[in-house]
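> Provided below are the primary sequence and the corresponding predicted coordinates.
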Amino acid sequence: MANVQSLDPTASPLDYYGWELRRQREAHGLKQGQLGDIIFCTGSLVGQIETTKKVPTRDFSERVDAALGTDGLFSRLIGLVLRSQLPTWFQPYAEMEAKAAYISTYQAQLVYGLLQTEEYARAVLATGMPDDLEGLLAARMERQRILERERPPLAWVVLDEAVLHRPIGGHAVMRRQLARLLEFAGHRWMHVQVLPNEAGAHASLAGSFTAMRFDDDPDIIYTEDVISGHMTANPETIREAALRYARLQAAALSVEDSAELIIRVMEERYGDCSQPEEHPVA
């Protein structure tokens, strides 16, 4: 077992969080079990977080702040901690996504990450057999907090119809995921369109991509391959992506017709929730 005193608080956001939690707890004269009793968890969990064996959650952080009177310290730290749990190659994208004023994305395989339900995201992430599925899941859910801002980014999402039919996690999970998409019908900041199968050959057969626009930074195009992600601010690439996205939107169903299609798929394909659920093992 790692000794918390041996942790270097400058090594990572998670190390600093654990070091600071131990320091604050001891400053209040509490043992791990006593703090656990106050915040309704086990002393073992407190110890695991202090020694970086477990990644804390936002709920845990808010309860620690309330219990120790730390003026939101751990609630502020948790965003940094969770972002650090993302794959190293993905972290720069997550940082830019959090600053974007406008996002436009075409997704050919999966529901866009900001719109995924927790159970859908869990099933997706489990396919990569990660060492810490819970940490990755918490980090993905944390990304979605940008949608809760008073002024979130304006986002246009075009989903290939195949995304609706691919049964990630089982019928009940998909039904709830499609219901989540319908929550954005008529939304002020988030717009979802579906590119129907009938569109045939289209402007992005090569795959998914995301464009981000900022108030003070150059536009960026982001793409992924099997093992990593790529961002570029090359003006020619930006122009080409903008043209392709305009063509995708023109070929896609309207927001209203997209919602009708989502409803139809939800009822016809996922209406029978007696189907067995998938339980992927990481």
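Yes, it's here.
> Run a quick neighbour tally on the closest residue to Pro56 other than its chain neighbours.
Spatial nearest neighbour of Pro56, chain neighbours left out: Ile49 (5.0 Å); criterion: C-beta to C-beta, 6 or more residues apart in numbering. All C-beta spots, glycine's among them, are computed from the backbone N, C-alpha and C. The number of residues packed near Ile49 is 24, by other C-beta atoms under 10 Å.
> Let me know the pLDDT of Gly128.
On pLDDT, Gly128 comes in at 85.
> Quickly find the element holding Thr210.
strand 209-213 (DSSP states H and E).
> So which elements touch that strand?
strand 102-107, strand 220-224, helix 235-251 (3 or more C-beta pairs under 8 Å, 6 or more residues apart in numbering; DSSP states H and E).
> who touches the helix or strand immediately after the shortest one in the chain?
Once the chain leaves strand 220-224, the next helix or strand it forms, by DSSP H and E, is strand 229-232. Outside strand 229-232, the residues within contact range by C-beta atoms under 8 Å, 6 or more residues apart in numbering are Trp89, Phe90, Pro92, Tyr93, Met96, Ile220, Ile221, Tyr222, Thr223, Glu224, Ile238.
> Sort out which of those are buried, if you could.
The neighbour count (16 or more other C-beta atoms under 10 Å) marks Phe90, Tyr93, Met96, Ile220, Ile221, Tyr222, Thr223, Ile238 as buried among the contacts of strand 229-232.
> now, among these, which is nearest to Phe60?
Phe90 (23.4 Å; C-beta to C-beta).
> any idea of the pLDDT on the nearest residue to Ala199 once chain neighbours are set aside?
Excluding its sequence neighbours, the residue lying closest to Ala199 (C-beta to C-beta, 6+ apart) is Ala251, at 4.5 Å. Reported pLDDT at Ala251 in the predicted model: 97.
> ok, Ala251 to Leu154 distance?
Distance, Ala251 to Leu154, using C-beta to C-beta, to the nearest Å: 21 Å.
> cool, and Ile221?
17 Å.
> Quote the end-to-end distance of stretch 24-40.
18 Å (C-alpha to C-alpha, to the nearest Å).
> residues of it that come out buried?
Buried residues in stretch 24-40 (16+ other C-beta under 10 Å): Gln24, Arg25, Leu30, Gln32, Leu35, Gly36, Ile38, Ile39.
> check contacts around the fourth one.
For Gln32, the residues meeting the contact criterion (C-beta under 8 Å, 6+ apart) are Arg25, Gly43, Ser44, Val46, Gly47, Glu50.
> Now it. Nearest residue, chain neighbours left out?
Closest to Gln32 by C-beta to C-beta, 6+ apart is Gly43, at 3.9 Å.
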